[in-house]
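Peer 1: structure here, sequence nowhere to be found:
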């Protein structure tokens with residue numbers, strides 16, 4: 001095969017649509033997993049270059065506000081609200097859909113630019129506020145410069161994310177899934193090649209480069225869709241008006257969520273400056289399975305769920321939702337147990353450099369343990385909220401989150417500020433309220449679609465939970481035996497061997513028990529194997545697997 005043929009084949013693969021939830025989720029999961037690995041490598045390199053230092057804590061604190069802007073505008077509107085509105089208009093009139101999209105995009109940037117300018121001007125005051133006045137003047141100056149660099153990069157990052165939403169509406173998932181990978185590669189370039197000479201400014205400039213790559217990799221495929229962009233804003237456009245109606249509750253929800261993250265960062269500073277690093281690293285680890293499975297399946301499900309609400313097929317909607325929910329739980333519950341039992345080896349393997357001492361490992365692992373309790377709830381939450389968005393209901397999730405957020409912050413402030421129990425309390429409070437938030441959301445979604453019965457929700461969850469608990473025991477026993485009697489786990493290769501062996505034993509127990517309990521979702525495991533073109537195993541069940549695609 002010559003170079004031209006190979007190039008054409010790659011282009012054809014990148015331009016291929018994913019028309020089922022499984023195929024889209026598979027693409028997103030693979031890309032998300034790889035991107036998460038890059039994120040962990042990025043964090044390890046940051047520790048290697050800067051250690052558990054104030055500079056690294058300042059970098060993470062300065063990134064909070066740019067990340068807040070990105071989350072509010074992109075996660076708040078385009079990843080959820082835009083897709084149902086645009087998809088509905090796209091089915092009726094392609095040209096009208098493009099005009100609506102242009103109006104929405106232009107309105108977004110009309111909001112972004114003045115907000116960005118204000119943040120650049122008032123960056124020092126913002127840093128003093130979120131650091132609770134603990135940062136020194138020189139640290140405030142450093143944080144201000146970093147924040148200004150990273151807020152400027154949001155223009156490119158948000159533009160790329162807008163393109164992502166358009167491409168996913170056309171069922172192009174592969175290239176949009178590669179965009180975040182490009183972003184992390186840009187950051188890695190900044191850390192590796194710029195940090196030796198520019199210090200902590202290297203990663204900040206890497207954010208700018210990553211944002212540019214995030215945008216540029218998607219632009220060619222956008223042209224293939226025939227998308228026609230206009231710089232005008234039609235204030236009477238129905239798509240824009242509908243988005244304006246739906247966005248405020250969603251914006252408020254994401255703003256509150258990120259505000260909680262910023263407040264938690266401030267509470268960590270209250271404990272100690274370096275606690276920011278421990279909290280950040282534990283959060284990043286526990287987010288891995290949430291993004292890999294929860295967000296991937298939820299994002300892949302949204303276009304289908306939106307179409308089924310438009311077609312007025314509640315039975316089909318419910319069937320698709322439940323299948324996606326059970327598949328999410330099947331994948332994330334064992335991941336929760338994995339992080340709970342193997343927390344110390346995982347932290348050591350991911351962040352264990354000479355600049356990350358044993359005390360830092362223990363503190364990060366302790367926080368991770370409490371986070372792991374709610375990995376299943378966080379993952380399910382992504383899908384449940386998108387089910388509401390498919391009905392164009394953005395109010396219910398934000399009202400519920402407002403209630404649980406107050407509980408979350410109250411518990412955190414009492415435990416950290418008043419009782420001074422440590423930064424791990426932030427993770428405990430977060431997990432408890434995440435579970436509560438998910439349960440309440442599920443209850444109100446059930447009321448919207450005609451209710452759930454025991455067999456539909458709790459029975460599969462209980463079966464999977466039993467198997468996950470048994471998996472935890474299967475992880476713990478070989479971990480202890482191998483650590484104490486077989487391997488010297490002070491050596492990285494030996495520690496890796498222990499984790500691999502324990503994981504294989506635990507996974508075998510989990511898959512065996514889910515088969516014994518006749519958990520239907522184990523078929524998803526075999527579907528993934530078939531995606532990889534492996535030999536199909538013998539069929540386990542005679543009853544059909546709930547459909548996962550439309």
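Peer 2: Alright, I've got the coordinates. Computed from a predicted structure; not experimentally measured. Residues are numbered from 1 along each chain as shown.

Peer 1: count the neighbours of residue 236 for me.
Peer 2: For residue 236, the neighbour count with other C-beta atoms under 10 Å is 7. For the C-beta atoms, the positions are set from N, CA and C on the backbone; glycine is no exception.

Peer 1: meant to ask about residue 129
Peer 2: 12.

Peer 1: that one and residue 283, how far apart?
Peer 2: 21 Å (C-beta to C-beta, to the nearest Å).

Peer 1: residue 443 too?
Peer 2: For residue 443, the distance to residue 283 - C-beta to C-beta - is 27 Å.

Peer 1: quick one, helices of the stretch 51-200 of the chain?
Peer 2: 54-62, 64-70, 83-92, 94-121, 123-130, 137-169, 174-189, 195-198 (DSSP state H, counting those that start in this stretch).

Peer 1: list the contacts of the helix or strand just after the shortest one.
Peer 2: Under the assignment DSSP states H and E, the closest C-terminal helix or strand after helix 195-198 is helix 201-216. The list of residues contacting helix 201-216 from outside it, by C-beta atoms under 8 Å, 6 or more residues apart in numbering, reads 46, 49, 59, 62-63, 66, 145-146, 149-150, 152-157, 159-161, 163, 179-180, 182-191, 193-196, 198.

Peer 1: what's the offset of helix 201-216 from the middle of its chain?
Peer 2: 19 Å (C-alpha atoms, centre = their mean, to the nearest Å).

Peer 1: ok, now stretch 428-444?
Peer 2: 17 Å.

Peer 1: how about it: buried residues?
Peer 2: Residues 428-438, 440-442 are the ones in stretch 428-444 that count as buried (16 or more other C-beta atoms under 10 Å).

Peer 1: closest one to residue 397 out of those residues, please.
Peer 2: Proximity of those to residue 397 was ranked by C-beta to C-beta; the top entry is residue 441 with 6.4 Å.

Peer 1: got a pLDDT number for the closest one?
Peer 2: On the pLDDT scale, residue 441 is placed at 95.

Peer 1: so how far is residue 380 from it?
Peer 2: Residue 441 is 9 Å from residue 380, by C-beta to C-beta.

Peer 1: quick one: the host helix or strand of residue 39 to helix 174-189, angle?
Peer 2: For residue 39, the host element (DSSP H and E) is helix 21-50. For helix 21-50 against helix 174-189, the angle by axes from the mean of the first three to the mean of the last three C-alpha atoms, to 10 degrees is 0 degrees.

Peer 1: helix 21-50: which residues count as buried?
Peer 2: Within helix 21-50, judged by 16+ other C-beta under 10 Å, the buried ones are 21-36, 38-40, 42-50.

Peer 1: before we move on, what about stretch 195-202?
Peer 2: 195, 200-202.

Peer 1: also stretch 411-420?
Peer 2: 411-413, 415-416.

Peer 1: straight-line length of that stretch, end to end?
Peer 2: For stretch 411-420, the separation between the terminal residues is 12 Å (C-alpha to C-alpha, to the nearest Å).

Peer 1: mean confidence score for that stretch?
Peer 2: 93.

Peer 1: which residues does it contact?
Peer 2: Contacts of stretch 411-420 (C-beta under 8 Å, 6+ apart): 263-264, 267, 270-271, 421-423, 425-426, 428-430, 432-433.

Peer 1: neighbours of the nearest residue in space to residue 393 that is not next to it in sequence, just the number please.
Peer 2: In space, and not counting its chain neighbours, residue 393 is closest to residue 448: 7.4 Å by C-beta to C-beta, 6 or more residues apart in numbering. Close neighbours of residue 448, defined as other C-beta under 10 Å, add up to 14.

Peer 1: doesn't residue 391 make contact with residue 448?
Peer 2: Yes: using C-beta atoms under 8 Å, residue 448 is in contact with residue 391, at 6.6 Å.

Peer 1: so how far is the helix or strand residue 442 falls within off the chain centroid?
Peer 2: Per DSSP H and E: residue 442 is located in helix 424-448. Centroid separation for helix 424-448 versus its chain: 17 Å, with C-alpha atoms, centre = their mean.
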